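>>> predicted structure and sequence below. I'll ask about it afterward.
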Amino acid sequence: MKPQTIAVLDFGSQYAQLIARRVRDLRVHGVLCAPDVSPDELRRLHTVGIILSGGPASVYAEDAPRCRADLFQTGLPMLGICYGLQVMCAMLGGNVGAGRLHEYGRSELTIDKPNPLLEGVPSPTPVWMSHGDMVSAVSEGFEPIARTKTCPLAVVAHTGKPLFGVQFHPEVTHTPHGTRLLRNFLYNVCRCDGGWTVGRVVDNILEDIRNQVDNDARIICGLSGGVDSSVTAALLHRVAGDRLVCICVDNGLMRQGEIELVRKTFTDHFRIDLRVVDAGERFLSALTGVTNPRTKRQIIGREFIEVFKAEAKAIDGAKYLAQGTLYPDVIESGHGHAGEAAEIKLHHNVGGLPKELGFELIEPLRDLFKDEVRRVGEHLGLPYEILWRHPFPGPGLAVRIIGEITAARLELLRRIDTIVLDEIVAEGWYPKIAQAFVVLLPVRTVGVMGDEQSYEDQHVAVLRFVESSDFMTADWVHLDHELLGRISTRVMNEVAGVNRVVYDISSKPPSTIEWE
Ligand code: XMP
């Protein structure tokens, strides 16, 4: 049975994904939809309620996005948030005007009338505002429910229909009772059954895969050992058993022990037909003499496709290719509703393998966020080390060796990286950090070892530890100084060829997480 859905209409708000996320956290299937989604499409999705997101436009601007007018005839409950409230009011005959004061940040909400939407929300209560325009008059049938000092219509509700609007943002953590409000909308208004559990998510994904694939065709899955491709492989294995063949391209740019972990997990534990292609030398020779980050990425992407193609060709009867594309990948690569994202770096595996390979794509994680994927992975019995490992870029250590990549520098970086990870895991920091890694610089610096000057054959190792929830922004980790000191001492004592260890204290933006 298909789950009940809450459709979040994306008017271009930076928070639209977050709203869908909050809905899922409340055990209801929340999906993002285009602003002009049709009632038919909503019916197909088993929609039980609609949330209109915020957005940067002004409702009366020429190309301001609106929803279809016939959505108001569906009888579905609707909650407008910020711009979503303004759209709803403007389309139903109310008035939206420029606010006297722009309101950004914390404000205090006073509730004047009890309403099921605000059940259990105290008055006054802090709310997070971010708007210029606001509703100045509502049409007949709507009544004011709550206000802030600058916004008299901060919460409105219709007296005869399940239509609600809030000017503030209940989805952000700065609105402490925002989750309660969303829960009220889902359960008091939309009468959701709360059945969106991980077991249900997995059942639905498996059903979709079964509907998509022919019973006798084989499926290929590219496996990098990261969370997304691992969960994808485990899901496909449930449906296709030994019709699934996984290909892992060992590009020689992985961390210590990664390929062994993949082999152990998928061959020994899941008994999946896994083909590891040892292509390290091929990649290394293609990268000889290359120092430009973009060129490195292009070469690695190209070689990966060539190697993958050759291996895939050798698999008879393969019709499908499974990829671990996640929801944020769909959005970030510009296929979402919110428009194109500027290209900062060329992510070779986000665009996926080219169409000319001739396979039909299966993307079972397309609607999920990272932590949901992890929950699915846990449910399927994937090991902790795979599910909770830090993200690792497709081009691997190549973008962490600044300047030319050689076998010796790769080996050096691997040894440093292993020590760093050892220490961080031992001290319990690993799960608290989004990404921890080492970058090797092409500059030499003077050091002193014994009574000798050290300079030739010496490297500078940069420690890069960041915290981030979505990897779009990040901050450096305020790591314990004792631990930093211990890592530095171990690296310089145990790895010949490093005479300086430095700590990167740049946030993203303006830096990026990786150095290249
Ligand atoms: P940046 O360096 O752009 O990284 O701040 C953001 C996140 O993306 C990872 N990253 C990649 N992931 N293929 C990937 O799958 C790539 O080519 C790639 N480049 C960067 C990076 O490690 C961080 O998590």
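Alright, I've got the coordinates.

>>> for residue 429, what are phi and psi?
Residue 429 adopts backbone torsions of phi -80, psi -20, taken as degrees, to the nearest 10.

>>> do the same with residue 474
Per degrees, to the nearest 10, the backbone of residue 474 is at phi -160, psi 160.

>>> so which bits of the helix or strand encompassing residue 126 are buried?
If you go by DSSP states H and E, residue 126 is part of strand 125-137. Across strand 125-137, burial judged by 16 or more other C-beta atoms under 10 Å covers 125, 126, 127, 128, 129, 130, 131, 133, 134, 135, 136. Every residue, glycine included, has its C-beta placed from N, CA and C.

>>> kindly state the beta-bridge partners for the third one.
Per DSSP bridges, the residues bridged to residue 127 are residue 107.

>>> and it, what does it touch?
By C-beta atoms under 8 Å, 6 or more residues apart in numbering, the contact list for residue 127 reads 106, 107, 108, 109, 148, 154, 168, 169, 170, 175, 178.

>>> what would these look like in CSV with secondary structure, neighbour count and pLDDT?
Output for the contacts of residue 127, formatted as CSV (DSSP: H, G, I helix; E, B strand; the rest coil; neighbours: other C-beta atoms under 10 Å; pLDDT from 0 to 100):
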residue, secondary structure, neighbour count, pLDDT
106, strand, 13, 89
107, strand, 20, 92
108, strand, 13, 96
109, strand, 26, 97
148, coil, 22, 95
154, coil, 27, 96
168, coil, 30, 96
169, coil, 23, 95
170, coil, 27, 96
175, coil, 24, 93
178, helix, 23, 97
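
>>> ok so, going back, packing partners of the helix or strand that comes right after the strand holding residue 126?
Going down the chain from strand 125-137, the next helix or strand is strand 142-147, by DSSP H and E. With contacts taken as 3 or more C-beta pairs under 8 Å, 6 or more residues apart in numbering; DSSP states H and E, strand 142-147 sits against strand 95-111, strand 155-158.

>>> which of those has the lowest mean pLDDT?
Across these, strand 95-111 has the smallest mean pLDDT, namely a mean of 82.

>>> packing partners for it?
Packed next to strand 95-111, using 3+ C-beta pairs under 8 Å, 6+ apart, are helix 83-91, strand 125-137, strand 142-147.

>>> out of these, the one nearest residue 370 is which?
The minimum distance between residue 370 and these falls on strand 125-137, with 24.1 Å, by C-beta to C-beta.

>>> returning to that earlier point: among the buried residues of strand 125-137, which one lies nearest to the ligand?
Set against the ligand, the nearest of the buried residues of strand 125-137 by C-beta to the nearest ligand atom is residue 130 (25.0 Å).

>>> wait, what's in contact with the closest one?
Residues in contact with residue 130 (C-beta under 8 Å, 6+ apart) are 54, 82, 103, 104, 105, 169.

>>> let's see 6 Å
Residue 130 is in contact with residue 104, counting by C-beta atoms under 6 Å, 6 or more residues apart in numbering.

>>> also residue 164?
Neighbouring residues of residue 164 by C-beta under 6 Å, 6+ apart: 79, 117, 157.

>>> cutoff 10 Å now
By C-beta atoms under 10 Å, 6 or more residues apart in numbering, residue 164 lies in contact with 51, 77-81, 85, 88, 115-118, 142, 145, 155-158, 181, 184-185, 189.

>>> do the same with residue 411
Listed by C-beta under 10 Å, 6+ apart, the contact partners of residue 411 are 256, 495, 497.

>>> what's the ChimeraX line that selects buried ones from those?
In ChimeraX, a selection of the buried entries from the contacts of residue 411 looks like this (16+ other C-beta under 10 Å):
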select :495,497
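
>>> need the contacts of residue 411 in CSV (columns: distance to residue 470, secondary structure and pLDDT).
Output for the contacts of residue 411, formatted as CSV (distance: C-beta to C-beta, whole Å; DSSP: H, G, I helix; E, B strand; the rest coil; pLDDT from 0 to 100):
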residue, distance to residue 470, secondary structure, pLDDT
256, 28, coil, 96
495, 33, coil, 97
497, 36, coil, 96
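
>>> which of the contacts of residue 411 sits closest to the ligand?
residue 256 (17.2 Å).

>>> state the distance from the closest one to residue 412.
Residue 256 is 12 Å from residue 412, where distance means C-beta to C-beta, to the nearest Å.

>>> now do residue 269
Going from residue 269 to residue 412 by C-beta to C-beta gives 32 Å.

>>> which one of the two has more residues nearby?
residue 412 (20 against 13; other C-beta atoms under 10 Å).

>>> just for the stretch 51-200 of the chain, where's the confidence low?
Where the stretch 51-200 of the chain drops to pLDDT under 70, the residues are 99-101.

>>> count of residues packed around residue 371?
Using other C-beta under 10 Å, the number of residues around residue 371 comes to 13.

>>> now what about the helix or strand that contains it, what contacts it?
Following DSSP H and E, one finds residue 371 within helix 370-380. Outside helix 370-380, the residues that touch it by C-beta under 10 Å, 6+ apart are 21, 24-25, 197-199, 201-202, 205, 227-228, 230-235, 237-238, 270, 324, 326-328, 364-365, 368-369, 382-384, 386-388, 391, 469-471.

>>> now with 7 Å?
24, 198-199, 201-202, 227-228, 230-231, 234-235, 326, 365, 387 (C-beta atoms under 7 Å, 6 or more residues apart in numbering).

>>> before we move on, what about stretch 144-151?
99-101, 103, 107-113, 115, 118, 127, 134, 152-157, 167.

>>> list the residues that contact residue 365.
Residue 365 sits next to 228, 231, 232, 324, 325, 326, 373 when contact means C-beta under 7 Å, 6+ apart.

>>> pLDDT value on it, please?
At residue 365, pLDDT is 94.

>>> quickly note the distance from it to residue 236.
As judged by C-beta to C-beta, residue 365 and residue 236 stand 11 Å apart.

>>> and if you look at residue 35?
In terms of C-beta to C-beta, residue 35 sits 34 Å off from residue 236.

>>> who has more neighbours, those two?
Using other C-beta under 10 Å as the criterion, residue 35 and residue 236 rank with residue 236 on top: 26 against 20.

>>> packing partners of the helix or strand hosting that one?
Secondary structure assigned from DSSP H and E places residue 236 in helix 227-240. For helix 227-240, the packing partners by 3 or more C-beta pairs under 7 Å, 6 or more residues apart in numbering; DSSP states H and E come out as helix 198-212, strand 218-222, strand 244-250, helix 370-380, helix 384-387.

>>> out of these, which is closest to residue 443?
Here strand 244-250 is closest among the helices and strands packed on helix 227-240 (C-beta to C-beta), at 29.9 Å.
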